[in-house]
Every structure is written in structure tokens, then in C-alpha cells.
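Student: Here is the input, now give the coordinates:
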Amino acid sequence: MTSSPAAFAPTDSARADDDRFDLIVIGAGGGGMAAALFGAIRGCRVLLLEATEYVGGTTAFSGGTTWIPNTHLAATVGADDSVERARAYLTAVIGPYLNAPLLEAFLRNGPKAIERLERSSDVKFRAFAMHPDYESDVEGAVVRGRALEPLPFDGRLLGAAFSLIRPPIPEFTVLGGMMIDRQDIGHLMNMKRSWASFRYSTALLVRHVRDRISNPRGTRLVMGNALVARLLYSLRARDVAVWTNARVSTIRRATTGFDVTVTRDGRPRTLRASRGVILATGGFNRNEKLRRERLGDIAPYSPTAPGTTGGGIELAAELGGRMGDDGFEPVLWAPVSVRKRADGTMAVFPHFIMDRGKPGTMVVDQQGRRFMNETLSYHRFGHAMRVAHANAPSIPAYLVADHQALQKYGLGMIRPGTRDLSAFVADGYVVGGNTLAELATKLGIAPDALVQSAGEIERYSADGVDRAFGRGSTIYQRNIGDPAVTPNPTLGPLRHSPFYALRLFPGDIGASSGLVTDANANVVDAANRPIPGLYAVGNDMHSVMGGTYPGPGITIGPAITFAYVGVEHALAASASGITNAEHVAAR
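Tutor: A predicted model of the protein is given here:
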């Protein structure tokens, strides 16, 4: 598409008499934006409503990875995959929480959704050459092809609408707002040793300096910001109305479709959605009542976007919708560390892969003892913290590193190569000691236990076999280590003084429990009857993954897939004449 950036204004306003739409999508995260785009591609008149000032939701904070098996992109990296293989893998991982019809809908429609986006919009992906499924030792797992990455995007193409995109977590950027992805990190860390990396890194830095002359942050967008920008660019090219700061108060059934009351700029307005309403408000993670009911007080920190307050779930409940109660976990976990920013806000930093699985590190509980495999996927890591805490205090746990590991790999918000740690020590983000015993004393744990745990790591490093917890024992786990270290790229002794530790908490990075739907993404009532025209996608939808986390991008992949499914079903159902009046009569 060749739409001019000048055609894009920061916000869209419908005319005073424009109150009728085919589809109204509530929530402009990745799932909602995809649903609006699928509707527009199919010729619908669509309105996209977002309660906050930004579009993108938690997708904008994320890596943007999209997990969908068997797309046309898998062949570009030589993936050995099939529907049968993906089904076997997911069946084994999801286990007793499997919803077979939902799973079949995901496997059948995921490739179609990606193909439609690539063919009919500016949303473009590439398959990772190496990105193993998280349970890589389970039958049906693959090491490449299912994880898709959005191509980088030039934010300048959006013109003034660039300001609509939710900025990434500041701690995930460098040099005052420059976004970097995995490929960039490799080049930046190697720029002093490789001419190719030096040229690559220099080009990045020059581009960023030019950006900052006229922009508050870098306009080269990668990861989740790239996906959001590509969705927004495609929506604008199709003249889809996107209203920010628009809060929906009620959804009421009409004879055909729904009446949606939305307040924007202090003025309420009632709109008609004749073919359907799609809920994509991001899940319940920041809804205090639902958090207490489902998580208790075990996890006080969430790095999800501010809009994930359960709005869609509450709106659906008024129409008879309900949340699912089954699943391995109600949320998706990652270990996080926290630090107060200069402006007084709290930075919540997810520890995905950069530090906790690297040689020269270990994780211990408050007694100074290892209690888990540090190279588990971040979801299983958070789950293990919760389980272990029932027997011995492990929240917070401590991520311990020697000086060499910290300098080489970084430690949470401390970037690799950071020489001056005084600010991090002063505010308590990291605790240091010249010896492990001194570090233990400062942490308030038994010195002998911490020294003993480090001794175990050193013994296991010799032959690469962690006999206590199996660290680095699968392809996925070894992939997050340091390939230069043998025989186990995740294991190395803690020998180099000084030693450091930071506190880890289980943080919820997304919702797994959501509105129960059928395989068409149609919200169902207490009797499992579909509520005609009402759909839920993304984290508003009870996850097809059953509270498990099989691979990178298992929130965004299903969100895009069921956005496609929901739109297709809404159009087919409205064409066949199914109405809310029939549903009400059936009750």
C-alpha cells in the first residue's frame, strides 16, 4: 500500500450522523487492531475504540512474536512441521485443560489469518531461523518455523499518528528511546570485534541521533511496536475510524446487533453495531477485584499495559457472558524485578532470556538454596516460584551473578558492560558483596547455604549435568545460554568477585482466564449457548492454551487467529439472519 503519511491524523472522528457500523471493536491492543483490520479487509464499516490515549496495549510492550504453526512462512526457514505434529505437541502440553474444538479452530485458521494479513495489508512477518518451542522435549515440538516476528517498521510513515502508538517499556530501550531487537543486540555487543557489526551498529546509532532531532523517541520500530505500527498503518490506509480515550459504559442488545454507549471528550454517544461487537480489552490483569479472586496477594507486580482492567469481561457479564475457571494457571507468568524510576513510577522488568539462564548465575530462595531449574520458560519459572513458596520462602527469590556474568550478560535493568553500579546499589535494586558469604549476610540469608549452592553449580559445570534440577537439559533451555560455553551453555561457576543479587517476583504478563467462547470466538452464556454477535479475542478470551505456555507468542498468535475467526463468523451469521431476538426468545 502507498498511502501518504500526510493523510494520517492523530485521531479519527466520525461525522455527527455516523452512528452505525457493521462491527465495533472494543480495545485496540494487538487482537483488537487485528479484528478491526480483518473486518475492513472484508469490506465492513468498522469502528475501533480504545479507552486509553494509546493504541497497542500490552502487545506494544511485548516482543511481538506470534506463535502459529504451519504458516506459509515456515518453509522459508526449512521448518519440519505439520498440523498433526502441532496437534500432538499442544495436546501433550495443554493436557487436561485441552479444548479440542478451540484447538482445531486455531490450527486450521491460524495460517489463513497470517496469509490474509500478508496478502491484504502492510502487516508483514518473518519466521525465526531458530526459536524452539518452550517444551522442546515434548513430542511434536519444533525448533523453528512457528514463531513469527513482525518486520521492522519506519514510524515516520505514520506521520502525526506515530504519537498514537504506546511506547515500549523504557528499560527495553537504549539511548533515550532507541528500540533494539535480538539481531541488534548481537551486533551491538559484538561491534568492537566485528567490522560487519560495527557498520550495522553505527547505522543504527546514526539513525537514532537523526530521529531524536525531531521526535521524542526513535522511529525505527521493532518487536511489538512494529506489529502495532503495521496494524495501525494498514487500518489508516483503509480509513478505519480509531477513537482513543473512548470508554464504553454499556452494550445492549438490539433487534439486530447491539447498541454501544461510549463516552469520548466528556460526551456520551450511542452507536449501533449491526453485525457484531468484538471484545479485546486486554484481560483482567489490572482489575483489583478479579486479581484478588484469582491470584490472591502472591503477585503484586504486573508489566501489562494500563488498560487491562477487565472492561470487556464486565461488559460481557451484563449480557450473560462468563469467565472460565479451568486452566493450569489463570495468568501467564514471568519473573520480574522492580525499581522506582526518577519520575516516581515503578519499572517492572520481565526477565525473559537475557540473564537467568546464563553461565555464572543461579537463583536461590530466601534460605540461600536453589529450588528450581533456572532455564525453564518464564511462565513455568513463575509457576515454580509460586509452588515452591508454599514450602519455603521463595517470593522474592534472588538472582545471583558474579562480576563476569553481570558484565557480559547484564542483570535485569543493568545492561551488559555497565561499569558504575552505584545508583543501582544505592536504591537497593541490586545488592553486592566482595564474597558470597558477605552477599548472603547483606541479603539476610545463611552464608553457608549460598556458598554451598554456588559450589553445586561449579561441580555441575564441570561435566555440564545439573543433577539437582536439570538446568540446560533441553534444546530450548540450551538456546537461552551462551553458545561459547561448553559443555553446557547455561552452566558456569560463580568465581569472579564481587558478587551481586537482585530480587525476583512472579509477575503476570497476560491473562489466561477470560470469557468462555465457542470455536468461533463467540461468547457463550452459562448454558454454553452462543450470544449472537458478541465475540471475545486476545486476553479477553479464555485461552486456547489452557493456562500453559507452549512457545513464544502464544498470546498474540491466538489473538490474531481468533480475530480472523470471529470476523468471519460475524459476517456469516449476519448474512444468515441470526439475531439477538432469537437468542432472547431461546432463554
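Student: so when I look at R126, I'm seeing a strand, right?
Tutor: Yes - counting by DSSP: H, G, I helix; E, B strand; the rest coil, R126 is part of a strand.
Student: Name the nearest residue to it, ignoring sequence neighbours.
Tutor: Excluding the flanking residues, the one nearest R126 by CB to CB, 6 or more residues apart in numbering is E149, at 5.5 Å. (Glycine included, C-beta is placed from N, CA and C.)
Student: where's the one you found relative to M130, distance?
Tutor: 12 Å (CB to CB, to the nearest Å).
Student: These two - which one has more neighbours?
Tutor: E149 (25 against 10; other CB atoms under 10 Å).
Student: just checking, the more buried one touches A129?
Tutor: No - using CB atoms under 8 Å, E149 makes no contact with A129, being 10.2 Å away.
Student: which residues touch the residue nearest to R126?
Tutor: Going by CB atoms under 8 Å, 6 or more residues apart in numbering, E149 touches 63-66, 125-128, 181, 223.
Student: Give the PyMOL command for selecting the buried subset of the residues you listed.
Tutor: In PyMOL, this line selects whichever of the contacts of E149 come out buried by 16 or more other CB atoms under 10 Å:
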select buried, resi 63+64+65+66+125+127+128+181+223
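Student: Single out whichever of the contacts of E149 has the smallest pLDDT.
Tutor: Lowest pLDDT among these: D181, with 74.
Student: got the residue ranges for the helices in the stretch 451-587 of the chain?
Tutor: Here the stretch 451-587 of the chain has its helices, by DSSP state H, counting those that start in this stretch, at 475-479, 556-576, 580-586.
Student: Of the ones you listed, which stretch is the most buried?
Tutor: Of all those, helix 556-576 carries the top mean neighbour count, a mean of 24, counting by mean count of other CB atoms under 10 Å.
Student: Mind putting the helices of the stretch 451-587 of the chain into CSV with distance to A86?
Tutor: Below are the helices of the stretch 451-587 of the chain laid out as CSV (distance: least, CB to CB, whole Å):
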stretch, distance to A86
helix 475-479, 16
helix 556-576, 11
helix 580-586, 34
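Student: Looking at these, spot the one closest to M33.
Tutor: helix 556-576 (8.5 Å; CB to CB).
Student: Return the alpha-carbon coordinates of the closest one using PDB.
Tutor: Presented in PDB, the C-alpha positions along helix 556-576 are these (Å, rounded to 0.1, in the frame of the first residue of the first chain):
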ATOM      1  CA  ILE A 556      -0.500 -12.900  20.000                       C
ATOM      2  CA  GLY A 557      -0.800 -15.900  17.700                       C
ATOM      3  CA  PRO A 558      -4.300 -17.000  19.100                       C
ATOM      4  CA  ALA A 559      -5.300 -13.300  19.300                       C
ATOM      5  CA  ILE A 560      -4.800 -12.800  15.600                       C
ATOM      6  CA  THR A 561      -6.200 -16.200  14.700                       C
ATOM      7  CA  PHE A 562      -9.500 -15.700  16.600                       C
ATOM      8  CA  ALA A 563      -9.800 -12.100  15.500                       C
ATOM      9  CA  TYR A 564      -9.900 -13.600  12.000                       C
ATOM     10  CA  VAL A 565     -12.300 -16.400  13.000                       C
ATOM     11  CA  GLY A 566     -14.600 -14.000  14.900                       C
ATOM     12  CA  VAL A 567     -14.900 -11.600  12.000                       C
ATOM     13  CA  GLU A 568     -15.600 -14.400   9.500                       C
ATOM     14  CA  HIS A 569     -18.300 -15.900  11.800                       C
ATOM     15  CA  ALA A 570     -19.900 -12.500  12.400                       C
ATOM     16  CA  LEU A 571     -20.300 -11.900   8.700                       C
ATOM     17  CA  ALA A 572     -21.600 -15.400   8.000                       C
ATOM     18  CA  ALA A 573     -24.000 -15.200  10.900                       C
ATOM     19  CA  SER A 574     -25.400 -11.800  10.000                       C
ATOM     20  CA  ALA A 575     -25.800 -13.000   6.400                       C
ATOM     21  CA  SER A 576     -27.800 -16.000   7.600                       C
END
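Student: list the helices and strands that helix packs on?
Tutor: helix 30-41, strand 66-67, helix 100-120, strand 267-279, strand 530-536 (3 or more CB pairs under 8 Å, 6 or more residues apart in numbering; DSSP states H and E).
Student: still on that earlier bit, out of the helices of the stretch 451-587 of the chain, nearest to G357?
Tutor: Nearest of the helices of the stretch 451-587 of the chain (CB to CB): helix 475-479, 6.7 Å.
Student: so how far is that closest one off the chain centroid?
Tutor: 20 Å (CA atoms, centre = their mean, to the nearest Å).
Student: Find the residue at the geometric middle of this structure.
Tutor: S62 (4.4 Å; CA atoms, centre = their mean).
Student: Any chance you could list what contacts stretch 465-479?
Tutor: Against stretch 465-479 from outside (CB under 8 Å, 6+ apart): 130-137, 141, 143, 357, 370, 372-377, 456, 460, 464, 481, 488-491.
Student: switch the cut-off to 7 Å
Tutor: 130, 132-134, 136-137, 143, 357, 370, 372-375, 377, 456, 460, 481, 488-491 (CB atoms under 7 Å, 6 or more residues apart in numbering).
Student: PyMOL command for the buried members of these?
Tutor: Applying 16+ other CB under 10 Å to the contacts of stretch 465-479, the buried members can be selected in PyMOL as follows:
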select buried, resi 132+133+134+136+143+357+370+372+373+374+375+377+456+460+481+488+489+490+491
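Student: And the contacts of E149, which is closest to Y200?
Tutor: Distance ranking of these against Y200, using CB to CB, places D181 first at 12.2 Å.
Student: Might one say that that closest one is in contact with V222?
Tutor: Yes - using CB atoms under 7 Å, D181 makes contact with V222 at a distance of 4.2 Å.
Student: Pipe the helices of the stretch 451-587 of the chain into JSON lines and attach mean pLDDT and distance to T304 per row.
Tutor: What follows is those, written out as JSON lines (pLDDT from 0 to 100; distance: least, CB to CB, whole Å):
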{"stretch": "helix 475-479", "mean pLDDT": "97", "distance to T304": "24"}
{"stretch": "helix 556-576", "mean pLDDT": "94", "distance to T304": "13"}
{"stretch": "helix 580-586", "mean pLDDT": "42", "distance to T304": "32"}
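Student: what about those, which gets the closest to N109?
Tutor: Across the helices of the stretch 451-587 of the chain, closest to N109 is helix 556-576 (CB to CB), at 5.1 Å.
Student: now the helices: where do they sit in the stretch 301-450 of the chain?
Tutor: Under DSSP H, counting those that start in this stretch, the stretch 301-450 of the chain gives helices at 311-317, 378-389, 403-409, 422-426, 436-443, 447-463.
Student: for the record, mean pLDDT for the fifth one?
Tutor: pLDDT averaged over helix 436-443 equals 98, rounded to a whole number.
Student: how much does that helix deviate in direction from helix 447-463?
Tutor: 130 degrees (axes from the mean of the first three to the mean of the last three CA atoms, to 10 degrees).
Student: same for helix 436-443, what does it pack against?
Tutor: strand 430-433, helix 447-463, strand 499-511 (3 or more CB pairs under 7 Å, 6 or more residues apart in numbering; DSSP states H and E).
Student: Please apply the same query to the shortest one.
Tutor: In terms of contact count using 3+ CB pairs under 7 Å, 6+ apart, helix 422-426 is assigned no packing partners among helices or strands.
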